[in-house]
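Asker: Quick one: sequence plus predicted model below, questions after.
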Amino acid sequence: MPTMNIIEAVRDALRTQMRIDPRVVVLGEDVGKFGGVFRATNGLHEEFGADRVIDTPLAEAGIIGTAIGMALYGLRPVPEIQFSDFIFPAFDQIVNELAKFRYRSGGQYPCPVVIRTPVGGGIRGGHYHSQSPEALFIHTPGLKVVAPSNPYDAKGLLLAAMRQNDPVLFMEPKRIYRASRGEVPEGEYELELGKAAVTRAGTQVTVLAWSGMVSIAEEAAKQADAGGISVEVLDLRTLMPFDIDAILASVKKTGRCVVVHEAPRTAGFGAELIASIQERAIEHLEAPILRVTGLDTPFPYSLEHEYMPNADRVLGAIRQTLEW
Amino acid sequence: MVAVPAPADLRRVLDDEGRVLAGAAVPALADDTVVRLYDTLLLVRIVDDRMMRLQRQGQLGFYMRATGEEATHAAVAALRPSDWVFPSYREHGAWFWRGYTVAQFVNQLLGNAGDPAKGRQMPVHHAARWLNLVSISAPVGTQIPQAVGAAYAAKSMGKDDVSLVYFGDGAAATGEFHVGLNFAGVWKAPCVFLCRASAAAPSRGFAARARGYGISSARVDGNDALAVVQVVAEAAERARAGLGATLIEAVTHRLADDDTERGEAELWERWDPLRRLRGHLRARGLWTDAQDAAASARHNQTITDALAAADQLPPPPIESIVDDVYETPSWNLAEQRAALIAGARTKNPNHHG
């Protein structure tokens, strides 16, 4: 089985599905001849041509607006937004249009667009190349939000996203685009959307994480293990709809939970997870559920590593729940 | 005073009385098609009048009429049924022309169980996939890049469909207008942009902007239904031939509520698009006053019947509230639906009876 990084896995998923389904097109700024700002679409232009690997003018509202029209008519567009920080000019097209078309038309107009966009900090990118805006889109009825943490999941989830009929925001962890490597099957396979994965089994504390924070959570779990604490790490993989059953099964087993996300704390997705857990499993909880998150600041440049959750902070929260 | 543009500035087929102007390119419409076109625009006029009255009586929460600019709706008569139309919320004639019934129209306004869009949007935001009429959005101009995307898709899938997108002059101020025209120019998308430009609008000369995007343009008398058909037919033909998009500025004037008070009724009547097309039908020997009265009576009866039938229809079923968010409801939606059905309910204040 070949070994790939996340960029290669994304590209492999695109190529695989484009070979199978002639309706799939890729569009965005420099995705064609140049191969994409992170090279995710490298080589696709040569194989599939300019009609299916489409260089667009620099206008995110235009990229998503035209992708919507393509999907309504019958294509399967996979637009790329170079950085999720640049997605906001398209916010109206995503939130008011893409996410609403099926509902507002009474089911007459499905709009299967898969938006790919890199998220997260730790790359010396400052405010405009580092944000994690998932909560804004999770809070948008009609969108599915997927956030893989490794190459195998990235390919399987992207293939699944391109083969279902709802709009998906597919958030890729850019800090580990190349650092995260793993075995990825050739050809087709799908990972069902809406299913979390236990990446490390444990018994005393559940850590919920996604995207670039999964490896941080695993590192903390490893350190905890060295100190005799058994931690279970759950990679949510899909944030909307999130896998409530897997979350509850783990938390009911451990009785303790820490949620880790890069995005700002207040009204972040961690808050929704904690609310959902306590509504359903309060009698199983031995301690308050804690959060390790980014700060309620714009994403800082020089002090980004102070902002980002790290293994030490996660470990501290794990200990705190045990000592409560 | 309403500023009436100089006729020489605009493409026209009919003069003020409905006579064909010398040298005008006349659209190739059969007699019965022109009659049906007039009949459709007459229906719009009457529907608008009846629905505005219902709105003022408090029986409709909202309504948008098109009185005075109905001739711009005739653009769809220049298209094939397979062509896609991205309307704004004032082109009722485009819907009726393609076969959307008065009953469906009224049921949408009332948001009842007979609404093809299942009561999901406020009045005049229709959707009819079976007619290639795209679901309407309230934020102005959002449909412009979407129409370009559909046009791109048609071209890349090897079909020769075109997209027609309607918007008012207000939308020409949005970013989406720029973005849509720019993408259309770059992609040579088979798209027809139809801007309903008010003769009284603060900003003018929309057609001239096309040049900067490298697309074709035309200015047309938007109160001349046949001129609208002709100009759109030419634009659609260019689009199908691979020559790209056209921005059409259809100069018209929607009757405002205070026009009569401002003493503009006489001028408005001269510009009335229905009066002009009716004059044309008379001149061709296709229409009489008696036929006109009969058509008005027929439309009024259709509306009365549709309203009476709508009165018997319930709101959409409560179970449907979570349908169509996704193809199948996710667990959270299923849970919320169950809780809603099991919980205490209040009477829906939006529905009578």
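Answerer: Nice, I can see it. Numbers count the residues shown, from 1 in each chain, chains lettered A, B, ... in the order given.
Asker: Burial check on the residue in the stretch 151-300 of chain A positioned nearest to chain B, number of neighbours?
Answerer: Residue nearest to chain B within the stretch 151-300 of chain A: residue A:241 (3.7 Å; CB to the nearest CB). Where C-beta positions appear, they are placed from N, C-alpha and C, glycine not excepted. The tally of other residues near residue A:241 (other CB atoms under 10 Å in any protein chain shown) stands at 18.
Asker: from memory it sits against residue A:144, does it?
Answerer: Yes - using CB atoms under 8 Å, residue A:241 is in contact with residue A:144, at 7.1 Å.
Asker: ok, the spatially most central residue of chain B to residue B:250 distance?
Answerer: For chain B, residue B:91 is the residue whose C-alpha lies nearest the centre (CA atoms, centre = their mean; 1.5 Å). Distance, residue B:91 to residue B:250, using CB to CB, to the nearest Å: 11 Å.
Asker: do the same with residue A:36
Answerer: 41 Å.
Asker: Against which helices or strands is the helix or strand where residue B:237 lies packed?
Answerer: Secondary structure from DSSP states H and E places residue B:237 in helix B:225-240. Contacts defined by 3 or more CB pairs under 8 Å, 6 or more residues apart in numbering or on different chains; DSSP states H and E place helix B:225-240 against helix B:31-56, strand B:191-198, strand B:216-221, strand B:246-252, helix B:273-283.
Asker: wait, does the second one contact chain A?
Answerer: No - for a cut-off given as CB under 8 Å from any CB of the partner chain, strand B:191-198 has no contacts with chain A; the smallest distance is 9.3 Å.
Asker: what does whichever helix or strand comes after that strand contact?
Answerer: Where DSSP H and E defines the elements, the next helix or strand beyond strand B:191-198 is helix B:210-213. For helix B:210-213, contacts defined as CB atoms under 8 Å, 6 or more residues apart in numbering or on different chains pick out B:181-182, B:184-185, B:216-217, B:246-247.
Asker: if we look at chain A, which of the residues you listed are close to it?
Answerer: residue B:182.
Asker: so which of the contacts of helix B:210-213 is the most crowded?
Answerer: Greatest neighbour count in those, by other CB under 10 Å, goes to residue B:184: 34 neighbours.
Asker: which residues sit in contact with that one?
Answerer: Counted by CB under 8 Å, 6+ apart, residue B:184 has contacts B:148, B:151, B:191, B:193, B:213, B:215, B:244-245.
Asker: If we ignore the residues flanking it in sequence, what's nearest it?
Answerer: Distance criterion CB to CB, 6 or more residues apart in numbering or on different chains; nearest residue to residue B:184, sequence neighbours excluded, is residue B:245 at 4.1 Å.
Asker: picking up where we left off before, export the contacts of residue B:184 to CSV and append columns for pLDDT.
Answerer: As requested, these are exported to CSV (pLDDT from 0 to 100):
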residue, pLDDT
B:148, 98
B:151, 98
B:191, 98
B:193, 98
B:213, 97
B:215, 97
B:244, 98
B:245, 98
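Asker: By neighbour count, which of these wins?
Answerer: In terms of neighbours by other CB under 10 Å, those top out with residue B:191 at 36 neighbours.
Asker: and that one, what are its bridge partners?
Answerer: Judged by DSSP bridges, the bridge partners of residue B:191 are residue B:163.
Asker: hmm, back to that, buried residues, the helix holding residue B:237. List them.
Answerer: Using 16 or more other CB atoms under 10 Å in any protein chain shown as the test for burial, helix B:225-240 gives B:225-236, B:238-240.
Asker: Alongside chain A, which residues does the stretch 51-200 of chain B contribute?
Answerer: Of all the residues in the stretch 51-200 of chain B, those lying near chain A are B:84, B:86, B:115-121, B:125, B:127-130, B:134-135, B:137, B:139, B:142, B:144-154, B:156-157, B:163, B:175-176, B:179-180, B:182-183, B:186, going by CB under 8 Å from any CB.
Asker: list residues touching both of residue A:241 and residue A:144?
Answerer: residue A:193.
Asker: which of residue A:36 and residue B:250 has more neighbours?
Answerer: Taking residue A:36 and residue B:250 together and counting by other CB under 10 Å, residue B:250 has the greater number of neighbours (30 against 23).
Asker: Leaving out the residues flanking it, which one is nearest to the more buried one?
Answerer: Distances taken as CB to CB, 6+ apart put residue B:222 closest to residue B:250, at 3.2 Å, once the chain neighbours are dropped.
Asker: what's the burial count for that neighbour?
Answerer: Residue B:222 has 33 neighbours, counted by other CB under 10 Å.
Asker: just to revisit the earlier point, can you tell me the closest non-neighbouring residue to the residue of the stretch 151-300 of chain A closest to chain B?
Answerer: Using CB to CB, 6+ apart, the closest residue to residue A:241 is residue B:330 (3.7 Å).
Asker: What distance do you get for the one you found to residue A:161?
Answerer: Applying CB to CB, the value for residue B:330 to residue A:161 is 15 Å.
Asker: quick one on the thing from earlier: now for the buried residues of helix B:225-240, which pair is the farthest apart?
Answerer: Among the buried residues of helix B:225-240, the pair separated by the greatest distance (CB to CB) is B:225 and B:240, at 22.2 Å.
Asker: and the stretch 201-324 of chain A, which residues reach chain B?
Answerer: By CB under 8 Å from any CB, the residues of the stretch 201-324 of chain A that approach chain B are A:240-241, A:244.
Asker: which residue is nearest the centroid of chain A?
Answerer: residue A:147 (1.5 Å).
Asker: got the residue ranges for the helices in chain B?
Answerer: For chain B, the helices defined by DSSP state H occupy B:31-56, B:92-98, B:102-110, B:143-156, B:175-187, B:210-213, B:225-240, B:265-271, B:273-283, B:289-311, B:331-342.
Asker: meant to ask about the stretch 101-250 of chain A
Answerer: With DSSP state H, counting those that start in this stretch, the ranges of helices along the stretch 101-250 of chain A come out as A:101-104, A:134-138, A:151-162, A:213-226, A:244-254.
Asker: Could you pull up the residues touching residue A:100?
Answerer: For residue A:100, the contact set (CB under 8 Å, 6+ apart) comprises A:142, B:137.
Asker: now do residue A:305
Answerer: residue A:122 are the contacts of residue A:305 under CB under 8 Å, 6+ apart.
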